[in-house]
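Asks: give me a 3D structure for the following:
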Amino acid sequence: MKCLDPVLTAAACFSSRNLFYAPLGERDEAREIRRSFCDNSDLMATVRAYNAFYDMVNEKGWGEARAWATDNFISVAAVTSITSVRSQLLNELLKIGLVNRRDLEPRIRRRN
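Replies: Numbering: from 1, shown residues only. Here you go, the predicted structure:
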């Protein structure tokens, strides 16, 4: 799932709300943080931020990840939405046979 994983996330981003938010008065700071994930592609920045959020969940737990998300202007609701869409896309790929369930075993245990 090494190649499929970022593609699923990217595809899910097109069907979900924006991962990053920019509160009034903090737009420049929010823009700089987004650019710290990738300065030349909003989509790549979103994929990297999404992955970083789940890395944080796996390493430090949900509470720490939520705090990290707030500090980085990342919407946890958008993360949840992207996760849901990723899961739906993956299930459809499995159903039509484009992805083999055996190839996903370690990945399914970590996150959809």
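Asks: C-alpha from now on. contacts and neighbour counts both.
Replies: Noted.
Asks: nearest spatial neighbour of the residue positioned nearest the centre of the chain, skipping sequence neighbours?
Replies: Nearest to the geometric centre of the chain sits residue 50, at 2.6 Å (Cα atoms, centre = their mean). Spatial nearest neighbour of residue 50, excluding adjacent residues (Cα to Cα, 6 or more residues apart in numbering): residue 79 at 6.6 Å.
Asks: contacts for the strand or helix carrying that neighbour next, please.
Replies: Per DSSP states H and E: residue 79 is located in helix 76-95. Outside helix 76-95, the residues that touch it by Cα atoms under 8 Å, 6 or more residues apart in numbering are 8-9, 11-13, 15-19, 50, 66, 69, 99-101, 112.
Asks: inside helices: which ones of those?
Replies: If you go by DSSP state H, these have 8-9, 11-13, 50, 66, 69 in helices.
Asks: neighbour-wise, which of these leads?
Replies: Highest neighbour count within those, by other Cα atoms under 10 Å: residue 50, with 27 neighbours.
Asks: pull out the buried positions in the helix holding residue 79.
Replies: Judged by neighbour count (16 or more other Cα atoms under 10 Å), helix 76-95 contains these buried residues: 76, 78-79, 81-83, 85-87, 89-90.
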